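Visitor: what follows is a predicted structure for the sequence shown.
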Amino acid sequence: MISVIVPVYNLGSYLADCIESILRSTVTDFELILVDDGSTDGSADVCDQFAGADKRIRVLHKANAGVSEARNSGLDMAVGDYIMFVDGDDQIHPLMMETLLGAIESGDYDFSMVHGVKVTEKEVKVLEQSSEMVMPEPKVISQADYLGKMFAVNFQYQVVWNKLYKRSLLESLPFRNTGAEDLEWLNRMALRMHLAVLVEEKMYYYIQRINSIMHSGITMPYLDRIDSYKMCLDEIPEGNREYRAMALKAMYSVMLFIRRHASDREVKQEANARCKAIFKETLGEFLHSGIGTVSKLRSMAGYRLPWIYDAVMRYKESRGK
């Protein structure tokens, strides 16, 4: 059986669409765990109404503590052999669970993946009908493959919700409250995985809101991503130079991005202070790592001469590169 865990906090009209998309699944042997994280907008009542109509749905009402604790509470309740996470304002294709289940059971895999697709609220209404759903041949993913793509900021590898996990893989693996909960948790998950399998079909619908970094810029909570990347680095054994180099390169790229885009905002001082502390702590390892010379020079230029780095980046962006 699959346990589907959905954190719920003030999701308004989106929640019903999310739940209904899960209930339309071609797989029927699942439990749906709705964790109401102290909603105040009527979302709690929506959870109870659906639970009253379908015995596969269980609801937990709790005080607000954030998405990480909501997911942890769902994990504590789950009884399925497999675990799946869905965000309460997103939707899934009816074949998603069936595809993930078939893929993970086709071999000795720790988890299976499909692709998520970022869509607007209008686009999601036509995706199911327009999708051809011609399933490609599954691809096997090694631990090194997964971490490499995750630290290369591949969207599909940095989110928890496009995957189906063996329950045994997630024992004693709680989510933590960080600025990038998915990334930090997936890093710990990947460090204990062996093989996974990917079906490259778009079956999870991640609905974009007007609250992304492109719209709101760098904010104080977004700065926590720096600490999340540093946590990822700290979790990788010191002897594993390959994975640590991946994490270092990704962390330095994030710090350069944040410093650049925070340069004219209220969080500038805090951003510079956090990055300076991490640069100081990790610079030696970064310079002696297997990271390419060009990447090292770019990072050093961005750190020591941010105005020159910003000018170069603006020039490249103006040329569409």
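Guide: Yep, it's here.
Visitor: which residue is the nearest non-sequential neighbour of residue 289?
Guide: In space, and not counting its chain neighbours, residue 289 is closest to residue 245: 4.2 Å by CB to CB, 6 or more residues apart in numbering. Bear in mind the C-beta positions are built from the backbone N, C-alpha and C, glycine included.
Visitor: quick one, what contacts that neighbour?
Guide: By CB atoms under 8 Å, 6 or more residues apart in numbering, the residues touching residue 245 are 289, 290, 291.
Visitor: which residue packs closest to the second one, ignoring adjacent ones?
Guide: Meaning residue 290. Excluding the flanking residues, the one nearest residue 290 by CB to CB, 6+ apart is residue 245, at 4.9 Å.
Visitor: which residue ranges of the protein form helices?
Guide: Taking DSSP state H as the test, the helices found in the chain are 14-23, 43-53, 67-77, 96-104, 124-130, 143-151, 181-190, 213-216, 220-235, 241-261, 268-287, 293-304, 306-318.
Visitor: which one of those lies nearest to residue 8?
Guide: Closest approach to residue 8 among those (CB to CB): helix 43-53, 5.3 Å.
Visitor: list the helices and strands that closest one packs on?
Guide: With contacts taken as 3 or more CB pairs under 8 Å, 6 or more residues apart in numbering; DSSP states H and E, helix 43-53 sits against strand 2-8, helix 14-23, strand 30-37, strand 57-62.
Visitor: what are the buried residues along the second one?
Guide: In other words, helix 14-23. 14, 15, 17, 18, 19, 21, 22, 23 (16 or more other CB atoms under 10 Å).
Visitor: from residue 35, how far off is the first one?
Guide: Right, residue 14. Applying CB to CB, to the nearest Å, the value for residue 14 to residue 35 is 16 Å.
Visitor: if we can go back for a sec, okay, the residue nearest to residue 290: pLDDT?
Guide: In this prediction, residue 245 carries a pLDDT score of 96.
Visitor: dump the residue contacts of the nearest residue to residue 218 once chain neighbours are set aside.
Guide: Nearest non-adjacent residue to residue 218, counting by CB to CB, 6+ apart: residue 262, 4.2 Å away. Applying CB under 8 Å, 6+ apart, we find residue 262 in contact with 218, 223, 268, 271, 272.
Visitor: wait, isn't the second one in contact with residue 255?
Guide: Yep, that's residue 223 we're talking about. No: taking CB atoms under 8 Å as the definition, residue 223 is not a contact partner of residue 255, at 10.1 Å.
Visitor: quick one, which of the two is more surrounded?
Guide: residue 255 (25 against 18; other CB atoms under 10 Å).
Visitor: so who does the more buried one touch?
Guide: Contacts of residue 255 by CB under 8 Å, 6+ apart are 226, 275, 278, 279, 303.
Visitor: how about the fourth one: what's its closest non-neighbour residue?
Guide: In other words, residue 279. In space, and not counting its chain neighbours, residue 279 is closest to residue 303: 5.9 Å by CB to CB, 6+ apart.
Visitor: distance of that neighbour relative to residue 270?
Guide: 17 Å.
Visitor: compare these two (neighbour count), which wins?
Guide: Under the criterion of other CB under 10 Å, the comparison of residue 303 against residue 270 puts residue 303 first, with 18 against 15.
Visitor: now do that one, the pLDDT please.
Guide: 75.
Visitor: for it, which residues are in contact?
Guide: Residue 303 neighbours (CB under 8 Å, 6+ apart): 255, 256, 275, 279.
Visitor: which pair in those residues spans the largest distance?
Guide: Distances among the contacts of residue 303 were taken as CB to CB; the most separated pair is 256 and 279, at 10.3 Å.
Visitor: rebuild the contacts of residue 255 as a markdown table, extending it with distance to residue 162.
Guide: Below are the contacts of residue 255 laid out as a markdown table (distance: CB to CB, whole Å):
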| residue | distance to residue 162 |
| --- | --- |
| 226 | 25 |
| 275 | 30 |
| 278 | 29 |
| 279 | 33 |
| 303 | 34 |
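Visitor: need the buried ones from those residues selected in ChimeraX.
Guide: Buried subset of the contacts of residue 255, written as a ChimeraX selection, criterion 16+ other CB under 10 Å:
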select :226,275,278,279,303
